[in-house]
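[1] Need a 3D model of the sequence below.
(one chain, ligands or ions: 2)
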Amino acid sequence: MSELTRKAEKLDAGDELAAKRAEFVLDGPEGAVYLDGNSLGALPVAVPGRVADVVGRQWGEMRIRSWTESGWWTAPERIGDRIAPLVGAAAGQIVVGDSTSVNVFKALVGAVRLAQETGPGRDEILVDATTFPTDGYIAGSAARMTGCTLRPVEPSEVPGALGERTAAVLLNHVDYRTGRLHDLPSLTAAAHAAGAYAVWDLCHSAGALPVGLDAHGVDLAVGCTYKYLNGGPGSPAYLYVRADLQDRFDSPLPGWNSHAEPFGMRSDYAPAEGAVRGRVGTPDILSMLALEAALEVWDGVTVEAVRAKSLALTDFFLECVGEYVPEGRVECLTPLPHTERGSQVALRCPDAGPVMRRLIDRGVVGDFRHPDVLRFGFTPLYVGFADVERAARALAEELG
Ligand SMILES: Cc1ncc(COP(=O)(O)O)c(C=O)c1O
Ligand SMILES: Nc1ccccc1C(=O)C[C@H](N)C(=O)O
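    Ligands and ions are numbered 1, 2, ... in the order given. You can find the predicted model right below:
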């Protein structure tokens with residue numbers, strides 16, 4: 001047994017989250033190591049039974065009554081309140097529904113409208129130049145709609161780029177390619193000092209590390225639920241609007257679900273109070289209630305414990321890669337300081353595509369991001385240290 005295998009055993013023995021692994025389905029090819037929870041989280045054991053009940057009993061037998069009696073109508077706010085503590089938000093500020101892309105649109109146009117309401121001349125949107133593409137595309141459209149220009153800026157350069165014309169800044173908390181964690185508290189404060197609104201995309205941080213939305217005065221935020229929150233393929237995203245901004249939040253998609261009196265069927269629009277104002281149309285109940293069941297794995301788990309294990313996992317992976325992979329064969333794109341690292345490790349190598357295909361063939365599942373990045377995501381609720389050691393060893397063998 002090698003020294004690192006022994007170290008993995010010791011770390012697994014001291015892992016206070018180890019028992020959580022049994023709450024997930026991790027079947028598949030024998031010996032599979034799943035390091036792609038930053039793209040699609042694994043299936044929580046509780047989900048299939050819940051979905052079967054929602055389909056068979058709530059839909060099949062109760063039919064229309066379930067909108068009220070099974071809590072379907074209020075699910076977006078109820079599940080938003082379940083996500084809230086995971087991102088440091090008090091209840092009443094998060095609503096679940098639609099895709100992340102749609103929520104980026106609502107949040108960003110909403111933020112620009114807030115800025116333009118308070119005074120003229122706010123006609124520029126800053127967007128993370130390294131963003132996951134959808135945010136950039138949507139920001140381009142939001143800019144055209146609101147009479148703004150769109151300026152892509154590296155997150156670290158945002159403080160210098162902010163000015164009296166800035167209406168809103170759209171940033172990713174963790175970069176999807178490199179795994180870099182951006183400084184949410186200081187970038188939010190910088191936006192506020194310039195009189196602008198800060199919108200954060202939490203896709204790669206929610207469920208992996210503390211976010212502190214309320215503590216840091218974030219204005220609006222969005223995130224998906226199919227990565228570290230394990231809601232399943234296409235599970236609905238969420239929108240956070242800070243409590244004291246809610247009555248001025250002017251949604252660009254004011255569907256009937258966001259009306260103060262949705263069943264009044266009025267021709268004139270009157271927005272609901274609170275987080276409900278972020279709703280649009282009929283919620284996707286099957287996906288939403290699958291997500292609600294998935295969130296039960298968080299009972300008794302703190303995000304702080306998850307963060308501590310996440311850093312231990314990525315530290316250990318980097319140690320194993322350093323030990324097993326020949327010097328210079330890969331370049332680590334993920335920052336080494338803990339304050340700048342999310343829950344993934346990105347390694348660059350010219351043949352990343354074929355290397356990842358071979359790794360997946362032998363049961364070590366990460367992903368490849370164009371053009372040359374091997375991405376390994378570490379979900380602390382179900383990844384262990386022995387997995388990490390095996391993945392690094394397999395990687396070294398595939399890299400030759
Ligand atoms: C940062 C980020 N934003 C948005 C998305 C996706 O948005 P959507 O849920 O609309 O597909 C992803 C991943 O798919 C992402 O990594
Ligand atoms: N939603 C998906 C559907 C299909 C395949 C991947 C995704 C992802 O989420 C990719 C992820 N956002 C990423 O950071 O690469």
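[2] Next, work out how far apart residue 292 and ligand 2 are.
    The gap separating residue 292 from ligand 2 is 20 Å, by Cβ to the nearest ligand atom, to the nearest Å. No exception for glycine: its C-beta is placed from N, CA and C like everyone else's.
[3] Same question for residue 177.
    For residue 177 relative to ligand 2 (Cβ to the nearest ligand atom), the value is 8 Å.
[4] same check, this time on residue 253
    Distance from residue 253 to ligand 2, by Cβ to the nearest ligand atom: 21 Å.
[5] What is the neighbour count of the closest residue to residue 175 other than its chain neighbours?
    Of all residues not flanking residue 175 in the chain, residue 130 sits nearest, at 5.7 Å (Cβ to Cβ, 6 or more residues apart in numbering). Neighbour count for residue 130, taken as other Cβ atoms under 10 Å: 18.
[6] Kindly report the same for residue 22.
    That count, for residue 22 with other Cβ under 10 Å as the rule, works out to 9.
[7] Give me the pLDDT for it.
    You'll see residue 22 listed with a pLDDT of 95.
[8] Wait, a strand at it?
    No. When DSSP: H, G, I helix; E, B strand; the rest coil is applied, residue 22 is found to be helix, with no strand at that position.
[9] If we ignore the residues flanking it in sequence, what's nearest it?
    Counting by Cβ to Cβ, 6+ apart, the residue nearest residue 22 is residue 45, at 7.6 Å.
[10] Surely that neighbour touches residue 25?
    Yes. With contacts counted by Cβ atoms under 8 Å, residue 45 reaches residue 25, the gap being 6.0 Å.
[11] Settle it for me: which of those two has more neighbours?
    Neighbours per residue, other Cβ under 10 Å: of residue 45 and residue 25, the larger number sits with residue 45, 16 against 12.
[12] tell me the contacts of residue 386?
    5, 8, 9, 12 (Cβ atoms under 8 Å, 6 or more residues apart in numbering).
[13] Now do it, the pLDDT please.
    pLDDT at residue 386 comes out at 97.
[14] what does residue 31 give?
    63.
[15] For the residue nearest to residue 149 when sequence neighbours are not counted, give its distance to residue 361.
    Nearest residue to residue 149, sequence neighbours excluded (Cβ to Cβ, 6+ apart): residue 124, at 5.4 Å. From residue 124 across to residue 361, the span is 48 Å (Cβ to Cβ, to the nearest Å).
[16] Next: residue 32.
    11 Å.
[17] more neighbours, the two?
    Between residue 32 and residue 361, counting by other Cβ under 10 Å, residue 32 is the more crowded of the two (15 against 11).
[18] Sort out for me which of the contacts of residue 386 are in helices.
    5, 8, 9, 12 (DSSP state H).
[19] sec struct for the residue lying closest to the first one once chain neighbours are set aside, please.
    To tie it back to what came earlier, the one meant is residue 5. Spatial nearest neighbour of residue 5, chain neighbours left out: residue 389 (5.9 Å); criterion: Cβ to Cβ, 6+ apart. Here residue 389 is recorded as helix under three-state DSSP.
[20] contacting residues around residue 389?
    4, 5, 7, 8, 316, 320.
[21] again, 10 Å this time
    Neighbouring residues of residue 389 by Cβ atoms under 10 Å, 6 or more residues apart in numbering: 2, 4-9, 11-12, 33, 316-317, 319-320, 323-324.
[22] With adjacent residues omitted, what lies nearest to the residue nearest to the spatial centre of the chain?
    With distances taken as Cα atoms, centre = their mean, residue 203 lies nearest the centre of the chain, 1.8 Å away. In space, residue 203 comes closest to residue 224 once its chain neighbours are excluded; the distance is 4.8 Å by Cβ to Cβ, 6+ apart.
[23] Please give me every residue in contact with that neighbour.
    41, 99-101, 103, 201-204, 206, 231, 234-238 are the contacts of residue 224 under Cβ under 10 Å, 6+ apart.
[24] Report how many residues lie close to residue 286.
    15.
[25] Likewise for residue 380?
    28.
[26] and the closest residue to it other than its chain neighbours, which of the three is it?
    Leaving aside its sequence neighbours, residue 380 sits nearest to residue 309 (Cβ to Cβ, 6+ apart; 3.9 Å). The local conformation at residue 309, judged by three-state DSSP, is helix.
[27] in the sheet, who's paired with whichever residue of the stretch 251-400 of the chain sits closest to ligand 1?
    Relative to ligand 1, the nearest point of the stretch 251-400 of the chain is residue 369 (10.3 Å; Cβ to the nearest ligand atom). With DSSP bridges as the criterion, residue 369 is bridged to residue 373.
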